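**Student:** Task: produce atomic coordinates for the following.
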Amino acid sequence: MAVTQQLARVPAEYLAACRRAAEESPEGDHRWDPPSADCLDLDWAPFMLERACELARLDAVHLGALTRATDGDHSIDLDFLNAGPHAIAFFANSPATALCPDAVVQVSALLGAIDMEGILRSVRDRGAGSELGHGFVGDPTDYLLGHFGTLREFYAEAARRRLLVVLWSD
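**Tutor:** Numbers count the residues shown, from 1 in each chain. Modelled structure (predicted):
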């Protein structure tokens with residue numbers, strides 16, 4: 001079974017409504033169903049993107065922003081999204097996380113400053129492409145550039161609209 005990284009950009013009011021629904025439902029049904037236009041499936045790209053940045057020796061601030069963009073943090077209580085039988089994350093040891101709007105703005109700005117094409121070129125020039133992992137066959141450049149570009153656009157729009165980003169593995 002493939003495990004992929006999922007993201008959703010939602011207003012704080014939507015998250016609060018889901019929390020209330022979970023509290024009011026005998027089964028804890030939070031009714032989580034963000035609009036598909038505000039959801040992103042990053043597939044297996046997060047690990048490979050982070051690994052490429054490590055191999056290219058990206059500075060800690062920008063690498064940290066990429067990691068935060070794909071891992072979130074635990075400062076927002078999402079227990080209601082992580083509780084069965086309606087948990088959105090497939091694995092209990094990998095619960096849903098989130099970034100608040102201020103963090104989204106910060107992460108978006110830092111993602112915008114990452115030259116992923118240059119990073120991937122550096123990795124390829126050093127012959128380290130095989131170290132990206134996940135058994136990718138062939139050159140992963142287009143795959144990673146596409147996913148990174150989509151991630152950057154996703155965060156830019158979330159920042160523009162002052163939305164939270166909720167993250168989970170599916």
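**Student:** Tell me which residues are up against the lengthiest helix in the chain.
**Tutor:** Ranked by residue count under DSSP state H, the longest helix found in the chain is helix 141-160. Helix 141-160 is contacted from outside by 7, 9, 40, 42-43, 45, 48-49, 52, 69-70, 101, 104-105, 107-109, 111-112, 114, 116-117, 120, 124, 132, 136, 164-165, using C-beta atoms under 8 Å, 6 or more residues apart in numbering. The way it works is simple: take the backbone N, C-alpha and C, and place the C-beta from them, glycine included.
**Student:** and the gap between the residue nearest to A96 when sequence neighbours are not counted and R124?
**Tutor:** Excluding the flanking residues, the one nearest A96 by C-beta to C-beta, 6 or more residues apart in numbering is W168, at 4.0 Å. W168 is 31 Å from R124, where distance means C-beta to C-beta, to the nearest Å.
**Student:** picking up where we left off before, let me know the average pLDDT across the longest helix of the chain.
**Tutor:** Over the span of helix 141-160, the pLDDT mean works out to 97.
**Student:** Would you mark the buried spots in that helix?
**Tutor:** Neighbour-count burial for helix 141-160 flags 141, 143-145, 147-148, 151-152, 154-156, 158-159 (criterion: 16 or more other C-beta atoms under 10 Å).
**Student:** same question, stretch 79-90
**Tutor:** Neighbour-count burial for stretch 79-90 [16+ other C-beta under 10 Å]: 80-83, 86-89.
**Student:** would you list every one of the strands in the protein?
**Tutor:** Applying DSSP state E to the chain gives strands spanning 5-10, 39-43, 97-99, 164-169.
**Student:** who touches the shortest one?
**Tutor:** Contacts of strand 97-99 with the rest of the structure, by C-beta under 8 Å, 6+ apart, involve 15, 68-69, 71-76, 78, 107, 164-168.
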